[in-house]
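>>> task: produce atomic coordinates for the following.
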Amino acid sequence: MPAADMKATAAKECTTKQSGLFNRFLTTVEWLGNLLPHPIALFAIFCLTILISSGIAGYFDMSVIDPRPEGASGRAADGVIRVVSLLNAEGLQRIVTSLVTNFTGFAPLGTVLVALLGVGIAERSGLISAAMRGIVMGASKRTVTFAVVFAGIISNTASELGYVVLVPMAALIFHSLGRHPLAGLAAAFAGVSGGYSANLLIGTVDPLLSGITEAASQIIEPSYSVGPEANWYFMFISTFLITILGALVTEKIVEPKLGKYNSDEAEEDLSQAENMGALTAIEKKGLKIAGVVLLVIAVLLAWTIVPESGILRHPETGAVAGSPFFGGVVAFIFICFAIPGYFYGKTTGSIKSYRDMIDAMSHSMSTMGMYIVLVFFAAQFVAFFSWTNFGAVIAVTGAEFLQSINLTGPLLFVMFIMMCGFINLMIGSASAQWAVTAPIFVPMLMLVGYAPETIQAAYRIGDSVTNIITPMMSYFGLILAVATRYKKDLGIGTLISTMLPYSIIFTIGWTLLFFVWVFVLGLPVGPGSATYYTP
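This is a model prediction of the structure:
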């Protein structure tokens, strides 16, 4: 056999072997994910586990020495943190009397629902969809890849709209430009899901996560507060990093690997669909008016905080940090989506009266049924975990272990990000995963010396970068269905292998940015956010 043929055969066998190993890995991940019950059932099981475990730990008087100095907020009176049993009369009384308040007082519940009222108006009026289409359709052929990834990241402010609107549209745009449609789909999917936490704006995910982080941090310091703006600086810069990395991976790795597209592989005739998505004249007019309205709102908000006499500065110190302005971020999210959404809708005719706004908000709330049920059980778990002192005991034990092996620097966060990314392969919901892990890792890393805001920023990296390679992600089936329109025999392994380069590059690039931002430049991850914590 000629040497060239032998090399080709060897290369093919090597590729086949690697593909087989990769497929087995994906099969294992899918199998592990399928073993997990529904997130709601998972939290119910966790609640029951906490009850039983607290009874056992309380019987054996499990305890640790409280590391906080005397006089510190929340420090145990005798300097010893003990696990409190809930399997007794006092525990049962506390559970039944607090069941409702655990739910209604769970920080992410109200903040997310209020923010979504405004987002619902902007979404139902068509403003968000038109803005995304305008970004992508208005881009030149050279910049369209960057525009697709960027629009995907920005679409996170409107929940599932990026998956439903942008991903199919990006595939069509690439097809109309003579490029491989799956490359467009991959670029949009990478922005929407792989860059899930990054954004220029404070969106609905920010109050969702900060509420859980705040509850977890209060295990160590009962008065600690974490606002929705806690990670804004870092996530703002991350938007541009993910946009650049996503575009480069698409053009340098994914698209060349996909090769030239053969329309015979499509499931249907797509020639009529290529002209879909262009903005109409009335939509362009609506966007201009909505943009002017948003600018006016921005100027008014700046007037309340920029001058030293601003009415939303801190009433006692006059500072921006800790001011009512940042305390009211959720209200501003509502205003900045609802009012421009209304003016856009009035211009285009999608909103004719106040009843249409009510319907839009009602529809937005109707889509949150599953989330509200999840929050009920998650709130009970967080409360039980706090009452039993399990979080504090595990945090002190874990912190002492980390310090004993001298793992308290940047490598600690690399491992934390990798761990969050791995868990995300099996628990696709950002809130569900953080509600489980935050009560353990936030107190633990606080005792090592890091602020909850910094810990949350690291978690958001791990939670985002593996979204695009896990079948457990709620919209993975939808993306697969869209992909099969262009390649009818495409399987789940092909889609994951297409997205894997994004996941790897995003993990490396985003982790490096975090390292430089926190440990080299020493910058805060958000307005008023501390980097380090001193008990």
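>>> report pLDDT for the spatially most central residue of the chain.
With distances taken as C-alpha atoms, centre = their mean, Ser197 lies nearest the centre of the chain, 4.1 Å away. pLDDT, Ser197: 87.
>>> I figured it was touching Thr204, is that so?
No: under the criterion of C-beta atoms under 8 Å, Ser197 is not in contact with Thr204, lying 11.7 Å apart. Backbone N, C-alpha and C define where each C-beta goes, glycine included.
>>> for this protein, which spans come out with low pLDDT?
Applying pLDDT under 70 to the chain flags the ranges 1-36, 38, 68-76, 158-161, 264-277, 321-322, 428, 472, 474.
>>> distance of Gly409 from Gly449?
According to C-beta to C-beta, to the nearest Å, Gly409 and Gly449 sit 10 Å apart.
>>> just say helix, strand or coil for the nearest residue to Ala451 once chain neighbours are set aside.
Spatially, and ignoring its direct neighbours in sequence, Ala451 is nearest to Ala530 (4.0 Å; C-beta to C-beta, 6 or more residues apart in numbering). Following DSSP: H, G, I helix; E, B strand; the rest coil, we place Ala530 in the coil state.
>>> which of the helices or strands spans Ala458?
Per DSSP states H and E: Ala458 is located in helix 452-465.
>>> following the strand or helix carrying Gly286, which helix or strand comes up?
Assigned by DSSP H and E, Gly286 belongs to helix 281-305. Next along the chain after helix 281-305, taking DSSP H and E as the criterion, comes helix 324-327.
>>> identify the residues contacting the closest residue in space to Ser63 that isn't next to it in sequence.
Of all residues not flanking Ser63 in the chain, Arg82 sits nearest, at 4.2 Å (C-beta to C-beta, 6+ apart). Taking C-beta atoms under 8 Å, 6 or more residues apart in numbering, we find Arg82 in contact with Gly58, Asp61, Met62, Ser63, Ala76, Asn389.
>>> for the closest residue to Ile311 other than its chain neighbours, list the residues it contacts.
In this structure, Ile311 finds its nearest non-sequential neighbour in Thr304, 5.3 Å apart by C-beta to C-beta, 6+ apart. Contacts for Thr304 (C-beta under 8 Å, 6+ apart) come out as Gly310, Ile311, Leu312, Phe325.
>>> could you dump these to a markdown table with distance to Ala331 and neighbour count?
Output for the contacts of Thr304, formatted as a markdown table (distance: C-beta to C-beta, whole Å; neighbours: other C-beta atoms under 10 Å):
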| residue | distance to Ala331 | neighbour count |
| --- | --- | --- |
| Gly310 | 16 | 18 |
| Ile311 | 14 | 12 |
| Leu312 | 11 | 17 |
| Phe325 | 10 | 21 |
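>>> I'd like the residues you listed as JSON lines, with distance to Ser238 appended.
As requested, the contacts of Thr304 are exported to JSON lines (distance: C-beta to C-beta, whole Å):
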{"residue": "Gly310", "distance to Ser238": "28"}
{"residue": "Ile311", "distance to Ser238": "32"}
{"residue": "Leu312", "distance to Ser238": "27"}
{"residue": "Phe325", "distance to Ser238": "23"}
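>>> out of those residues, what pair is the most spread apart?
Pairwise distances across the contacts of Thr304 (C-beta to C-beta) peak at 9.2 Å, for the pair Ile311 and Phe325.
>>> show me the contact partners of stretch 411-423.
With C-beta under 8 Å, 6+ apart as the contact definition, stretch 411-423 has outside contacts at 402, 407, 433, 437, 441, 445, 448, 455, 458-459, 461-463, 465-466, 507, 511, 514-515, 518.
>>> in PyMOL, how would I select the buried members of those residues?
Only the buried entries of those go into this PyMOL selection, using 16 or more other C-beta atoms under 10 Å:
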select buried, resi 402+433+437+441+445+448+455+458+459+461+462+463+465+466+507+511+514+518
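>>> now do the SS call for Ser140.
coil.
>>> what does Tyr342 give?
Following three-state DSSP, Tyr342 is assigned to helix.
>>> just checking, it touches Lys352?
No: using C-beta under 8 Å, Tyr342 is not in contact with Lys352, being 11.2 Å away.
>>> compare neighbour counts for those two and give me the winner.
Using other C-beta atoms under 10 Å, the more surrounded residue of Tyr342 and Lys352 is Tyr342, with 22 against 10.
>>> OK, contacts around Gly91?
Leu51, Ser54, Val84, Ser85, Trp387.
>>> beyond the helix or strand harbouring it, next helix or strand please.
For Gly91, the element it lies in under DSSP H and E is helix 89-104. Using DSSP H and E, the next helix or strand after helix 89-104 towards the C-terminus is helix 107-125.
>>> may I see the buried residues of that following helix?
For helix 107-125, the neighbour count (16+ other C-beta under 10 Å) marks 107-109, 111-113, 115-125 as buried.
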